[in-house]
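>>> what would the 3D arrangement of this be:
(chains A and B)
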Protein chains: 2
Amino acid sequence: MAQANDALSRIQEYRAQIDAIDKEIVGLLNARTEHSLAIRALKPDARMGLYDPRREEEIFERVYRFNEGPLYNDNLREIYKGILKVMKEMPSL
Amino acid sequence: MAQANDALSRIQEYRAQIDAIDKEIVGLLNARTEHSLAIRALKPDARMGLYDPRREEEIFERVYRFNEGPLYNDNLREIYKGILKVMKEMPSL
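Okay, the predicted model is just below:
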C-alpha cells in the first residue's frame, strides 16, 4: 500500500512535468504556425510555389539531426507529418 | 526583382526561426517521452492499468486551455493524437 502510494505520487509528479512540457509545445506550435503563415504570404512575391517537397524533406532531415532519443527518427517523422499537414491546411491569416 | 529578393530573404529568416523552434520541439518531445515511459514503468506498482482514456481527454483539455492561437483546438487535437499514438507505441526502456 505504501509502495502503491509512492508509485502514484511519482506518477503525479511526472504528469505535472508533462503538463508543463505540453504548455511549451503548444506555444511553440503556435509560433511555428505564425512563421509558416508569414512565409506563405511572402511566397508569391518571392516567385515561389506554395508547396515545396524539398523543404519538407529538409525539415525531416533537420529534425533527425536534432534527435537525441529516446524517440526514433521514424517516430518524429510520424509526429512531424501531422504537424506539417495541419500547417498546410491552415487558412491564411 | 528587388522585391523578389527581399521576399526571399524574409522567407529565409522565418525558416531559420522555424528550424530553431523545431529543435526545441524535438527536445521537448523526447523529454515528454522519457516521462511517459517512466510513468508506464510505475503503473503496475500504482495498481493502474496501462491505458487511461480519461488521462488522454485531460491532456486534450489542458492543451486547449494553453492554446492562444493561431492554431485551432481541433488542429492541436490532431497533432496531439499523433504524439500520444507514438508514445503509446514506444517500446519500454
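>>> what about stretch A:61-72 and chain B, touching?
Yes: applying Cβ under 8 Å from any Cβ of the partner chain, one finds stretch A:61-72 touching chain B at A:Arg62, A:Val63, A:Phe66, A:Asn67, A:Glu68, A:Gly69, A:Pro70, A:Leu71. For glycine as for every other residue, the C-beta is placed from the backbone atoms N, C-alpha and C.
>>> which strands and helices sit next to the helix or strand A:Tyr14 falls within?
According to DSSP states H and E, A:Tyr14 maps onto helix A:2-42. On a contact count with 3 or more Cβ pairs under 8 Å, 6 or more residues apart in numbering or on different chains; DSSP states H and E, helix A:2-42 meets helix A:73-89, helix B:2-42, helix B:53-66, helix B:73-89.
>>> just put these in TSV and tack on distance to A:Arg54, mean pLDDT and mean neighbour count.
Output for the helices and strands packed on helix A:2-42, formatted as TSV (distance: least, Cβ to Cβ, whole Å; pLDDT from 0 to 100; neighbours: other Cβ atoms under 10 Å in any protein chain shown):
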stretch	distance to A:Arg54	mean pLDDT	mean neighbour count
helix A:73-89	13	97	17
helix B:2-42	12	96	17
helix B:53-66	31	96	13
helix B:73-89	23	97	17
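>>> from the residues of stretch A:61-72 next to chain B, which two are the most distant?
The widest separation within those, taken as Cβ to Cβ, falls between A:Arg62 and A:Pro70 and amounts to 19.1 Å.
>>> residue contacts, A:Arg47?
Contacts for A:Arg47 were tallied using Cβ atoms under 8 Å, 6 or more residues apart in numbering or on different chains; they are B:Ala4.
>>> how about it, secondary structure?
Recorded secondary structure, A:Arg47: coil (DSSP: H, G, I helix; E, B strand; the rest coil).
>>> for it, phi and psi?
A:Arg47 has phi and psi values of phi 60, psi 40 when expressed as degrees, to the nearest 10.
>>> what's the spacing between it and A:Arg40?
Taking Cβ to Cβ, to the nearest Å as the measure, A:Arg47 falls 14 Å from A:Arg40.
>>> same question for A:Asp6.
Counting by Cβ to Cβ, the gap from A:Asp6 to A:Arg40 is 51 Å.
>>> same check on A:Val26?
A:Val26 sits 21 Å away from A:Arg40, going by Cβ to Cβ.
>>> cool, and A:Pro91?
For A:Pro91 relative to A:Arg40 (Cβ to Cβ), the value is 10 Å.
>>> and A:Arg77, by the same measure?
For A:Arg77, the distance to A:Arg40 equals 23 Å [Cβ to Cβ].
>>> ok, now A:Ala20?
Here the criterion is Cβ to Cβ. By it, A:Ala20 lies 31 Å from A:Arg40.
>>> go on, A:Asp19?
Distance check for A:Asp19 against A:Arg40: by Cβ to Cβ, it reads 32 Å.
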